[in-house]
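Q: With the sequence up front, the predicted model follows.
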Amino acid sequence: MKTIAKNWQLALRIILILVAVAMIIVGFFQLNSYYRDEKTQKTAITATIVKNSQDNDEQLLHYKFLGEAYTVAPRDKFIHSYGKVGNEIEIFVQNSNPSKAFFQKHAKGEETLGAIFLGWGLLLILIAWLERRLLGILKRAEKFEIN
């Protein structure tokens, strides 16, 4: 019975560590994306909210920048609501890549999300390490009491 419990304990610890590592990786990618987008220059323009012909549930933004028309979903769309179809709203477009649009000039939501993932991943790693350390201490104390 002890070996089954140890195997389950080991399996759960491995799963915990894998989830923690995945969260740390997602956090780093999110922060990297935020800082990369933050460094580029953006221009404020007006865009119109339109429907996507492929998926009627998703709304897109249509705008013109330097004479070319674009229909895209903003990169920070999970943070803000669009509004109603046909409304005009102010967005920010990257000068170097006009197909990247943002609702805010400085998207702090991406930075916050990356920091949350990174923090939770590090916390899970710390919990797994402390749990392993505590079990080692208890095992040594058990041996000491028996002898």
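A: Everything's here; your move. Residues are numbered from 1 along each chain as shown.
Q: just the helices in this structure please.
A: Counting by DSSP state H, residue ranges of the helices within the chain are 2-39, 108-146.
Q: Count the residues that sit near residue 117.
A: Other residues within reach of residue 117 by the criterion other Cβ atoms under 10 Å amount to 20. The C-beta positions use only the backbone N, C-alpha and C, and glycine is treated the same way.
Q: nearest residue to residue 95 other than its sequence neighbours?
A: For residue 95, the nearest residue in space outside its immediate sequence neighbours is residue 41; the separation is 4.7 Å by Cβ to Cβ, 6 or more residues apart in numbering.
Q: What residues does the one you found make contact with?
A: Taking Cβ atoms under 8 Å, 6 or more residues apart in numbering as the criterion, residue 41 is in contact with 94, 95, 96.
Q: How about residue 118?
A: Counting by Cβ under 8 Å, 6+ apart, residue 118 has contacts 23, 24, 27, 28, 31.
Q: Export those residues as TSV, with columns for pLDDT.
A: Written out in TSV, the entries for the contacts of residue 118 read as follows (pLDDT from 0 to 100):
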residue	pLDDT
23	94
24	93
27	91
28	89
31	84
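Q: List buried residues within those.
A: Buried residues within those, defined by neighbour count using 16 or more other Cβ atoms under 10 Å: 23, 24, 27, 31.
Q: Touching, residue 124 and residue 19? I think so.
A: Yes. Look at residue 124 against residue 19 with Cβ atoms under 8 Å: they come within range, at 6.4 Å.
Q: which one of those two has more residues nearby?
A: residue 124 (19 against 15).
Q: From residue 16, how far out is that one?
A: 6 Å (Cβ to Cβ, to the nearest Å).
Q: Quick check: residue 46 vs residue 7, distance?
A: For residue 46, the distance to residue 7 - Cβ to Cβ - is 61 Å.
Q: just residue 137 next, same as before
A: 21 Å.
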